[in-house]
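*Asks:* coordinates for the following, if possible.
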Amino acid sequence: MTHKTEALSPTELPALNIAGVSFTYGTKEVLSDISFAVPQGEVSFLLGPNGAGKTTLFSLITRLFDARVGRISIMGKDLRKIGAQALEPLGVVFQQSTLDLDLTVRQNLAYYGALRGMSAPDIRNRITRCLDDLDMDERSDEIVRTLNGGHRRRVEIARALLHKPRLLLLDEPTVGLDPNARRTIVARIHDLARSQRTSILWATHLVDEAEDNDRVFALVNGRLVAAGRVGEVIREHGATDLAAAFEHLVSAEAAS
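*Replies:* Reported below is the predicted structural model:
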């Protein structure tokens with residue numbers, strides 16, 4: 001299937017560039033020739049049903065898996081050529097929580113900052129800023145175990161932002177949260193992209209989390225079946241909204 005993508009500015013490197021990436025588990029191909037670019041300072045969605053290959057692609061971007069076919073670069077740095085150094089501009093919130101439930105919010109963030117090699121004053125300043133950005137400053141001394149799911153997710157996002165990443169990966173960050181918590185996180189992430197030019201790649205199967213001007217990369221059965229801004233994808237598939245366009249894409253891929 002062919003699809004059009006909006007050209008990025010020729011003067012600015014994409015935050016993330018994926019070119020011709022394929023991946024197999026044994027003999028099963030789970031990603032097939034994936035290519036797209038995430039621009040700087042915008043929110044982009046990797047949209048796909050469960051089992052589409054979203055988490056596998058994130059594992060390749062973060063080097064949990066080795067991308068042997070194709071090329072992945074972050075801020076122009078090739079992961080295969082440069083290795084771990086290429087991951088320095090990256091922040092990640094994985095689908096499964098990795099917070100220490102018996103530490104306070106501040107202790108979780110301070111421990112992460114120390115692992116990143118940040119200085120103590122910088123850690124303190126960044127904790128204050130990141131928690132304030134996510135309306136969590138008043139909960140900084142609470143034990144994580146006592147927080148609800150939405151607040152825990154905000155702590156994980158704050159932690160991922162602590163070292164000022166240029167690119168933030170979010171893997172299904174709102175799964176299991178109530179509608180109010182989901183809306184809050186969606187709004188805060190868009191605010192961060194606009195105010196700090198943080199580049200976001202958000203993997204989800206929940207189409208209502210994307211705003212009209214966001215970019216969407218639709219992944220179905222390991223294949224990229226659509227790419228463009230939300231409005232472009234809707235118009236290209238003659239749909240009334242993104243949910244209808246996505247349903248059409250999934251159905252068309254299943255029938256092919």
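*Asks:* how about the residue nearest to Gly48 when sequence neighbours are not counted, secondary structure?
*Replies:* In this structure, Gly48 finds its nearest non-sequential neighbour in Leu219, 3.8 Å apart by C-beta to C-beta, 6 or more residues apart in numbering. (Each C-beta comes from the backbone N, C-alpha and C, glycine too.) Classification of Leu219 using DSSP: H, G, I helix; E, B strand; the rest coil returns strand.
*Asks:* give me every residue that touches Leu219.
*Replies:* Neighbouring residues of Leu219 by C-beta atoms under 8 Å, 6 or more residues apart in numbering: 34, 46-48, 52-54, 57, 225.
*Asks:* can we see that at 10 Å?
*Replies:* Applying C-beta atoms under 10 Å, 6 or more residues apart in numbering to Leu219 gives the contacts 31, 34, 36, 46-49, 52-54, 56-57, 203, 225-227, 249, 253.
*Asks:* next one: Glu156
*Replies:* 92-94, 97-99, 108-109, 112, 134, 144, 170, 173.
*Asks:* okay, strands next: where are they in this structure?
*Replies:* Under the criterion DSSP state E, strands of the chain are mapped to 16-25, 28-38, 43-47, 69-74, 77-78, 90-93, 167-171, 199-204, 215-220, 223-229.
*Asks:* circling back: please, a ChimeraX command that selects the buried ones among the contacts of Leu219?
*Replies:* Those of those that count as buried under 16 or more other C-beta atoms under 10 Å are selected in ChimeraX with:
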select :31,34,36,46,47,48,52,53,54,56,57,203,225,226,227,249,253
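*Asks:* just read off the phi/psi values of Glu42.
*Replies:* Glu42 adopts backbone torsions of phi -130, psi 160, taken as degrees, to the nearest 10.
*Asks:* spatially nearest residue to it, not counting backbone neighbours?
*Replies:* Leaving aside its sequence neighbours, Glu42 sits nearest to Ala193 (C-beta to C-beta, 6+ apart; 6.0 Å).
*Asks:* need the contacts of Glu156 in a markdown table with neighbour count and distance to Asp78, can you?
*Replies:* Shown next, in a markdown table, are those (neighbours: other C-beta atoms under 10 Å; distance: C-beta to C-beta, whole Å):
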| residue | neighbour count | distance to Asp78 |
| --- | --- | --- |
| Val92 | 20 | 19 |
| Val93 | 23 | 24 |
| Phe94 | 18 | 23 |
| Ser97 | 14 | 31 |
| Thr98 | 11 | 27 |
| Leu99 | 18 | 32 |
| Asn108 | 23 | 32 |
| Leu109 | 27 | 31 |
| Tyr112 | 21 | 26 |
| Leu134 | 23 | 32 |
| Val144 | 20 | 36 |
| Leu170 | 27 | 23 |
| Pro173 | 23 | 27 |
